[in-house]
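[1] Just a sequence and a predicted model for now, questions to come.
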Amino acid sequence: MRKIILSVILITILVLTFISNFIIADNPIPAEAVKFDTGDTAWMIVATAFVLLMTPGLGFFYGGMVGKKNVISTMLQSFMAMVIVTILWVVVAFGLAFGPTIGGIIGNPSSNLFFEGVGTNTAWSLAPTIPFMLFALFQAKFAIITPALITGAFAERIRFWAYLLFMVLFIILIYAPLAHMTWHPDGVFFKMGVLDFAGGTVVHMSAGWAALAGAIFLGKRKVQKANPARITYVLLGTGLLWFGWFGFNAGSALGANGLATQALGTTTVAAAAAAMAWVFLDKILGHKLSALGACIGAVVGLVAITPAAGFVSISHAIFIGLFSAIVSNIVVSKFPKGKIDDALDVFACHGVGGMVGMLLTGVFASKAINPAVGDNQGLIFGTPTLFINQLTALVVVSIFAFVASYVLFFIVNKITPLRVTEEKEELGLDISQHGEFL
């Protein structure tokens, strides 16, 4: 049956792309091209490449943490996100996220199927200095890494084909609506005044809550404690993530400007502060200063600063990094691992880090840093409105992402089993799922 389904998918895409000019509405390119800013365009091309590099970086980050017999499968889950989500984004998901609004919840994809109307001579309304296609491709990289983040929660026990199906449904039914509500000018969160510079709600909270749902639904691994296969992979992955995150956050300024520079600065110091706080706290609690701890701390800081990167000062970014690392470290140590097997602490790091970042954006956002904040500045400036908006979005996104993800896991499991058998889990996913090994 699976062979038939895969054959149908390939043939359908082949046919639709071949005859696309006959079945998709004709949107002729304007005779006079829009005047784009070459500096902004050059920077956003680079930023797009930076963000794509984060996904293989995440593969190394996760792959180094799991047991040796599951390294290839864990890394391949990230790699296949680049493959599957790229095609899905072009075919339909971009329109769902950024197409004409349907009730402020989701976009109408009909005008952007197969990137129809997403050209190099038009622009997105909020990014007028770069080609529309460049904006769409930049956003594709955010969509790619989000389901890849989730994989750390159910590492070492999920069937690969079931993961691919979940990933497709997650992008269409969870990621796209959140992106539309948060970043589309007609989205409900956008109109509320919710601030999310580069993906605190859309990427990290959605991934964190989906990870928790997956860990609960799939149950515990047969052996929960395995020695990390390659700490050097984790170090390499952290370096690639940190590097790529400059595109993630500074690129979200959508131009080569002062705001991008501010986001670059806040991202730098938040990651460093969080890594420092994590290893310091480990020592205070009687643990050794570990490479793994330093890497996790840096990533938590990067997660937490993501929604705030273009709205807060450098000093407040340091606070966000320090505070988020302390909170996530405590959550990791107190998480009920005997009952819920979030293998690589995705919820404690990405979910909690994203929530801390969203709330602290509501505390520290300043119109002196970004005039788009307006008069609804952060709580520290005596204005509670933004903080209340951030808190409201946090609650709504948390409930939606967790419940919807759990339902998707349930549906996928009805279509094809999510977990491998105990024998295959014992053998390792590298061999049992892919016929390969280190």
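    Cool, the structure landed. Residues are numbered from 1 along each chain as shown.
[2] hey, which helix or strand in this structure has the poorest pLDDT?
    Ranked by mean pLDDT, DSSP states H and E, the weakest helix or strand in the chain is helix 20-23, scoring a mean of 69.
[3] what's the following helix or strand after that helix?
    Next in sequence after helix 20-23, counting helices and strands by DSSP states H and E, comes helix 38-63.
[4] same question for that following helix, mean pLDDT?
    Averaging pLDDT along helix 38-63 yields 98.
[5] can you check stretch 270-288 too?
    Mean predicted confidence for stretch 270-288 is 96.
[6] next one: stretch 214-232
    90.
[7] Quick check: buried residues in the helix or strand hosting Val279?
    If you go by DSSP H and E, Val279 is part of helix 258-284. By neighbour count with 16 or more other Cβ atoms under 10 Å, helix 258-284 contains the buried residues 259-260, 262-282. Just so you know, the C-beta spots here come from the backbone N, C-alpha and C atoms, and that holds for glycine as well.
[8] Following element in sequence after it, please.
    Using DSSP H and E, the helix or strand that follows helix 258-284 in sequence is helix 291-305.
[9] Which secondary structure elements does that next one sit against?
    helix 231-250, helix 258-284, helix 314-334, helix 352-364 (3 or more Cβ pairs under 8 Å, 6 or more residues apart in numbering; DSSP states H and E).
[10] In PDB, list the C-alpha atoms belonging to that helix.
    The C-alpha trace of helix 291-305 is given here as PDB (Å, rounded to 0.1, in the frame of the first residue of the first chain):
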ATOM      1  CA  ALA A 291      30.100  20.500  27.200                       C
ATOM      2  CA  LEU A 292      26.600  19.200  26.900                       C
ATOM      3  CA  GLY A 293      25.400  21.800  29.400                       C
ATOM      4  CA  ALA A 294      27.100  24.700  27.700                       C
ATOM      5  CA  CYS A 295      25.600  23.700  24.400                       C
ATOM      6  CA  ILE A 296      22.100  23.300  25.700                       C
ATOM      7  CA  GLY A 297      22.400  26.600  27.600                       C
ATOM      8  CA  ALA A 298      23.400  28.500  24.400                       C
ATOM      9  CA  VAL A 299      20.500  27.000  22.500                       C
ATOM     10  CA  VAL A 300      18.000  28.000  25.200                       C
ATOM     11  CA  GLY A 301      19.300  31.600  25.100                       C
ATOM     12  CA  LEU A 302      18.900  31.600  21.300                       C
ATOM     13  CA  VAL A 303      15.300  30.300  21.700                       C
ATOM     14  CA  ALA A 304      14.400  32.800  24.300                       C
ATOM     15  CA  ILE A 305      15.700  35.900  22.500                       C
END
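[11] what's the distance between it and the middle of its chain?
    Mean-position distance between helix 291-305 and its chain equals 15 Å (Cα atoms, centre = their mean, to the nearest Å).
[12] what's the angle between the helix or strand hosting Val83 and helix 38-63?
    Val83 is part of helix 71-88 when elements are defined by DSSP H and E. Calculated by axes from the mean of the first three to the mean of the last three Cα atoms, to 10 degrees, helix 71-88 forms an angle of 150 degrees with helix 38-63.
[13] which residues touch helix 71-88?
    13, 52, 55-56, 58-60, 62-64, 66, 93, 140, 143-145, 147-148, 151, 155-156, 160, 163-164, 167-168, 171-172, 229-230, 233, 428-430, 433-434, 436-438 (Cβ atoms under 8 Å, 6 or more residues apart in numbering).
[14] Can you flag the buried ones in the residues you listed?
    Applying 16+ other Cβ under 10 Å to the contacts of helix 71-88 flags 52, 55-56, 58-60, 62-64, 66, 93, 140, 143-145, 147-148, 151, 155-156, 163-164, 167-168, 171-172, 229-230, 233, 428-430, 433 as buried.
[15] where exactly do the helices run in the stretch 101-250 of the chain?
    Listed in chain order, the helices of the stretch 101-250 of the chain (DSSP state H, counting those that start in this stretch) span 132-150, 160-170, 176-183, 188-192, 206-218, 231-250.
[16] In JSON lines: the ones you listed, plus distance to Phe22.
    Output for the helices of the stretch 101-250 of the chain, formatted as JSON lines (distance: least, Cβ to Cβ, whole Å):
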{"stretch": "helix 132-150", "distance to Phe22": "22"}
{"stretch": "helix 160-170", "distance to Phe22": "26"}
{"stretch": "helix 176-183", "distance to Phe22": "27"}
{"stretch": "helix 188-192", "distance to Phe22": "36"}
{"stretch": "helix 206-218", "distance to Phe22": "37"}
{"stretch": "helix 231-250", "distance to Phe22": "37"}
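[17] Of the ones you listed, which is nearest Phe335?
    Phe335 lies closest, by Cβ to Cβ, to one member of the helices of the stretch 101-250 of the chain: helix 206-218, at 9.9 Å.
[18] what sits up against that closest one?
    146-147, 149-150, 152-154, 157-158, 170, 174-175, 178, 340-343, 346-347, 349-355, 397-398, 401-403, 405-406, 409-410, 413, 418-419.
[19] Buried subset of these, written for PyMOL?
    Buried members of these, defined by 16+ other Cβ under 10 Å, are picked up in PyMOL with:
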select buried, resi 146+147+149+150+152+153+154+157+158+170+174+175+178+341+342+343+346+347+349+350+351+352+353+354+355+397+398+401+402+405+406+409+413+418+419
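[20] What separation is there between Leu438 and Asp430?
    Distance, Leu438 to Asp430, using Cβ to Cβ, to the nearest Å: 7 Å.
[21] Please state the offset of the longest helix belonging to the chain from the chain centre?
    When the chain is scanned for its longest helix (criterion: DSSP state H), the result is helix 385-415. Centre-to-centre, helix 385-415 and its host chain are 14 Å apart (Cα atoms, centre = their mean).
[22] same for that helix, what does it pack against?
    So helix 385-415, by 3+ Cβ pairs under 8 Å, 6+ apart, packs with helix 160-170, helix 176-183, helix 188-192, helix 206-218, helix 352-364.
[23] Taking helix 352-364 as reference, get the angle to that helix.
    Using the same axes, to 10 degrees: helix 385-415 against helix 352-364 is 160 degrees.
[24] from memory Ala291 sits against Leu236, does it?
    No: assessed by Cβ atoms under 8 Å, Ala291 is found out of contact with Leu236, at 11.1 Å.
[25] Might you report the residue contacts of Gly251?
    Counting by Cβ under 8 Å, 6+ apart, Gly251 touches Trp43, Met44, Ala47, Thr48, Phe50, Val51, Phe138, Ala198, Ala260.
[26] And for the fifth one, nearest residue in space, chain neighbours not counted?
    If you skip the residues right next to it in sequence, Phe50 has Gly247 as its closest partner in space, 2.5 Å away by Cβ to Cβ, 6 or more residues apart in numbering.
[27] All good on my end, thank you.
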